[in-house]
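Chemist: fold the following.
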Amino acid sequence: MSEFPSITDPFGRVHDYLRISLTERCNLRCFYCMPEEGIPLRPKAQFMTRDEVLKIASVFVESGVKKIRLTGGEPLVRNDAAEIIRGLGQLPVELVITTNGVLADGFIDVFKESGIRSVNVSLDSLKPERLKQITRRDHVEKVLTNVDRLLDQGFRVKLNAVLIKGVNDDEITEFIEYTRDRAVFYRFIEFMPFDGNKWNWSKGVSYREIMERAAEKYGEKVERLEDAKNDTSRNYRVKGYKGGFAVISTVSNPFCDTCNRMRLTADGKMKNCLFSGTETDILGALRSGKEIRPLIYESVWHKKKSRGGMESMEELSDPLLHRKNRTMISIGG
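Modeler: Numbering: from 1, shown residues only. Below you'll find the predicted structure:
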């Protein structure tokens, strides 16, 4: 048992899940994540080193964190990604990763050595030309091959698709069909507002619309599955299919009441909410020799009840509010 108290906010939510972005760089250019003009390149010295990642993560784990997810950018493009993953694998924590899958085949042994058993892969379309347009790169065959490799090696695999009207929403049932013979979960994520991604909810596909499309094709064959504690998704399966599908309805039906998440950006800033416009400089404090644990507790204590304080759709839709945040790629999802 930890000698430190749980990391808790004023609403009684215990925070034991940390998402660490290893880099802002990515080998894809998904338009909803990275602005078309890119993001400014910054000196390497502004980002966490391998040792700093491990040191900061250790403090979080000592304070009760039980699960760490690695994100990016694309975490596997970092030169020392394997060393960091192996180092974090030594901590008494569930270690998982979200990747675009392009480089996953080269890390399968590292994942196994480090105790990673669950891999989330971003895959916004099963149509090669469409995925090329979304990602501004051409890697669909490599990603699909790597998904099958991960499954063959016994990993639990979840596929993430950000649904956008007129872009990929016509593939909802094709995504579900992909789970017929594969033990994967396809997760549909509502389009969310971040700096530079030209968000407008008219482009969004809601939880209700997704379920209506599923019902039109499968009717009563769609069965509700039990969600895990603190799950962000509502989970379903078509009867008889090996895999399932899920909806992450951050915009139309947020799940903030059970949120247990904290985020650490690649440049060492702590965010207590994906939508929060405020950050705590953990890396700066570490480098100046200050104790970082009190900063972690203080950050979570100031967490808002819902979506960084944007509780209504009107507030979430206000660019003056949601543009206070970073781009998605510099947060880490």
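
Chemist: burial measure for the residue lying closest to residue 298 once chain neighbours are set aside, as a count.
Modeler: Distances taken as C-beta to C-beta, 6 or more residues apart in numbering place residue 280 nearest to residue 298, at 7.3 Å, with adjacent residues excluded. Backbone N, C-alpha and C define where each C-beta goes, glycine included. Other residues near residue 280 come to 22 when the count uses other C-beta atoms under 10 Å.

Chemist: go ahead and confirm residue 280 touches residue 273.
Modeler: No: using C-beta atoms under 8 Å, residue 280 makes no contact with residue 273, being 11.9 Å away.

Chemist: which residues touch residue 91?
Modeler: The contact partners of residue 91, taken as C-beta atoms under 8 Å, 6 or more residues apart in numbering, are 57, 58, 61, 68.

Chemist: and the helix or strand harbouring the last one, what does it pack onto?
Modeler: Read that as residue 68. If you go by DSSP states H and E, residue 68 is part of strand 67-71. Judged by 3 or more C-beta pairs under 8 Å, 6 or more residues apart in numbering; DSSP states H and E, the packing partners of strand 67-71 are strand 17-21, helix 50-62, helix 81-88, strand 94-99.

Chemist: of these, which is nearest residue 117?
Modeler: Distance to residue 117, taken as C-beta to C-beta, is lowest for strand 94-99 among the helices and strands packed on strand 67-71, at 7.7 Å.

Chemist: SS state for residue 308?
Modeler: Under the three-state scheme (DSSP: H, G, I helix; E, B strand; the rest coil), residue 308 adopts helix.

Chemist: next, the spatially closest residue to it that is not a sequence neighbour: phi, psi?
Modeler: Excluding its sequence neighbours, the residue lying closest to residue 308 (C-beta to C-beta, 6+ apart) is residue 275, at 3.4 Å. Main-chain dihedrals, residue 275, degrees, to the nearest 10: phi -100, psi 0.

Chemist: how close does residue 275 get to residue 193?
Modeler: 8 Å (C-beta to C-beta, to the nearest Å).

Chemist: residue ranges with poor pLDDT in this structure?
Modeler: 1, 36-37, 194-197, 320-333 (pLDDT under 70).

Chemist: all helices for it, in order.
Modeler: Using DSSP state H, the helices of the chain run over 50-62, 81-88, 108-113, 128-135, 140-152, 172-178, 207-218, 282-287, 293-301, 313-316, 319-322, 328-331.

Chemist: tell me which of those helices sits nearest to residue 161.
Modeler: Once these are compared by C-beta to C-beta, helix 172-178 is nearest, at 6.1 Å.

Chemist: alpha carbons of that closest one, as PDB, please.
Modeler: Extracted C-alpha coordinates of helix 172-178, given in PDB (Å, rounded to 0.1, in the frame of the first residue of the first chain):
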ATOM      1  CA  ILE A 172     -19.600   2.700 -39.100                       C
ATOM      2  CA  THR A 173     -21.100  -0.700 -40.000                       C
ATOM      3  CA  GLU A 174     -17.900  -1.600 -42.000                       C
ATOM      4  CA  PHE A 175     -15.900  -1.000 -38.800                       C
ATOM      5  CA  ILE A 176     -18.300  -3.200 -36.900                       C
ATOM      6  CA  GLU A 177     -18.100  -5.900 -39.600                       C
ATOM      7  CA  TYR A 178     -14.300  -5.800 -39.100                       C
END
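
Chemist: how about residues contacting it?
Modeler: Helix 172-178 is contacted from outside by 126, 159, 161, 163, 184, 186, 188, 205, 210, 213-214, 217-218, 238, 241, 243, 245, using C-beta under 8 Å, 6+ apart.
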